[in-house]
Each structure stands twice: as structure tokens, then as C-alpha cells.
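K.L.:
here you go, sequence then predicted model.
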Amino acid sequence: MAKTKTANLSEPVIIKKYANRRLYNTETSSYITLDLLSQMTREGREFVVVDAKTGEDITHNVLTQIIMEEEQRGKNMLPVNFLRQLIAMYGDSMQSMVPQYLEASMDAFRKNQMQFQEAMKGAFGGGPLAEIAKRNMQMFEAAASAFGNVPGMPGASGTASAPAPTPTPAASEGSKDDEIAQLKAQLAALNAKIDKLN
């Protein structure tokens with residue numbers, strides 16, 4: 001049974017259009033709407049629409065009708081200037097080349113769209129950019145924790161918003177030298193942590 005289902009998916013579905021404008025899906029034995037045909041198109045499902053009385057292939061007309069309905073709903077993809085140029089091509093000596101050109105252009109557009117989507121997935125889904133972002137975050141956290149021991153610096157434990165103490169004029173030269181030595185030691189520790197991350 002599964003083999004029949006997969007075989008049916010590769011063959012186009014036959015849709016019959018009756019005089020009362022109703023569409024009949026021969027695969028599901030049910031009447032369908034243009035919206036369902038539009039959905040099938042988006043899903044990549046192949047179908048052929050035939051006139052139920054004459055058997056004539058009217059797929060082109062029905063697809064054009066779907067486009068017209070989408071355009072009337074305000075989902076305009078066809079600019080007026082493009083439509084004018086397209087109409088002007090009817091009866092032109094180049095008319096026979098236009099369908100192949102438009103089809104090739106749309107194929108190229110779809111390929112570029114897929115490549116862009118794959119690139120975006122790769123960029124944010126564990127690719128090289130995600131790895132760089134992870135390392136940058138680790139370096140930022142290391143820097144924040146190193147500054148955590150300095151009063152008044154962001155990330156300081158318990159005193160993140162406390163202002164740094166201002167030295168009094170009576171402070172001796174020895175205490176300034178001690179403070180500078182502490183800052184140098186903290187800077188060296190920060191450099192060591194950054195080196196470890198690289």
C-alpha cells in the first residue's frame with residue numbers, strides 16, 4: 001500500500017473542471033477550491049487541470065486565475081510596470097522566448113532563496129559564526145568577572161553600583177602605589193584569562 005502512495009505522489013493529480021466551475025480532485029474523489037490548488041502548488045504537488053467535457057488541458061488558465069485571485073486579495077507580487085511590459089510582449093517577435101526566460105529567472109531566484117536560507121541556518125545554527133559568537137561571549141564574561149573584584153566596576157560582586165572610593169588628599173604615596181600594583185595584578189589576571197580563551 002505504501003508503494004502505491006509514493007508512486008501516486010510522483011504522478012500529477014488530475015483535476016477536472018466542470019461547466020459549473022467546480023473542480024474535482026480525482027485522487028481524493030472530492031471537490032476542491034482554487035485555494036486548495038494554490039496550497040498544493042506551494043507544497044510542490046504537481047497537478048493537471050482538464051476540462052471535464054472536452055478533456056482539454058486548462059492548467060495554464062487555472063493557474064492564471066489563482067494568480068489573479070491572489071493579486072485581488074492585496075498580495076501584489078506583479079508590479080504594474082512589469083504587467084505592462086509583459087502585455088507589450090504579446091505579438092512581439094520575442095514572444096516565444098519570454099516563457100523560457102521567465103521560467104529560468106524564477107528558477108534562479110528560487111535557488112538563490114534556498115542558498116540564502118541555508119546560509120542563514122548555518123550562520124546561526126552551529127556554523128563558524130556561531131562559534132565566534134560563543135567565544136566572544138566567553139571573553140566578555142571573563143572580562144566582567146575579572147573586573148568583578150574592582151569596586152565600582154560593572155560585575156563587581158555585591159558592589160556593582162557602588163561608586164569607586166575617591167582618594168583623600170591626605171592619602172600617602174604608599175597607598176597609591178599599592179592601589180596601582182593591585183590594578184596591574186588584576187589586569188595581568190584578565191590578560192591571562194583572555195589568553196586561555198584564545
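P.N.:
Happy to help now that I have it. Here the structure is a predicted model, which means the values were calculated and not measured. Numbering: from 1, shown residues only.
K.L.:
show me the shaky parts of the protein.
P.N.:
Within the chain, the segments meeting pLDDT under 70 span 1-9, 122-131, 133, 144-174, 198.
K.L.:
identify the single longest helix in it, thanks.
P.N.:
Scanning the chain for the helix with the most residues, using DSSP state H, yields helix 98-124.
K.L.:
list the buried residues of that helix.
P.N.:
The neighbour-count criterion (16 or more other C-beta atoms under 10 Å) identifies no buried residues in helix 98-124. Backbone N, C-alpha and C define where each C-beta goes, glycine included.
K.L.:
could you show me where the strands are in this structure, in order?
P.N.:
Counting by DSSP state E, the chain has strands at residues 13-17, 23-25, 30-32, 47-51.
K.L.:
relative to residue 69, which of these is closest?
P.N.:
Between residue 69 and these, the shortest separation by C-beta to C-beta is 13.1 Å, and it involves strand 23-25.
K.L.:
list the contacts of the closest one.
P.N.:
When contacts are defined by C-beta atoms under 8 Å, 6 or more residues apart in numbering, strand 23-25 is touched by residues 13, 15-18, 30-34, 36-37, 49, 52, 62.
K.L.:
hang on, the earlier thing: want to throw the strands of the chain into TSV with mean neighbour count and distance to residue 108?
P.N.:
Conversion of those to TSV gives the following (neighbours: other C-beta atoms under 10 Å; distance: least, C-beta to C-beta, whole Å):
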stretch	mean neighbour count	distance to residue 108
strand 13-17	18	27
strand 23-25	17	32
strand 30-32	13	32
strand 47-51	17	24
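K.L.:
pick the one among the contacts of strand 23-25 closest to residue 73.
P.N.:
Comparing those against residue 73 with C-beta to C-beta picks out residue 34 as the nearest, at 11.5 Å.
K.L.:
skipping its backbone neighbours, what lies nearest that closest one in space?
P.N.:
In this structure, residue 34 finds its nearest non-sequential neighbour in residue 66, 5.4 Å apart by C-beta to C-beta, 6 or more residues apart in numbering.
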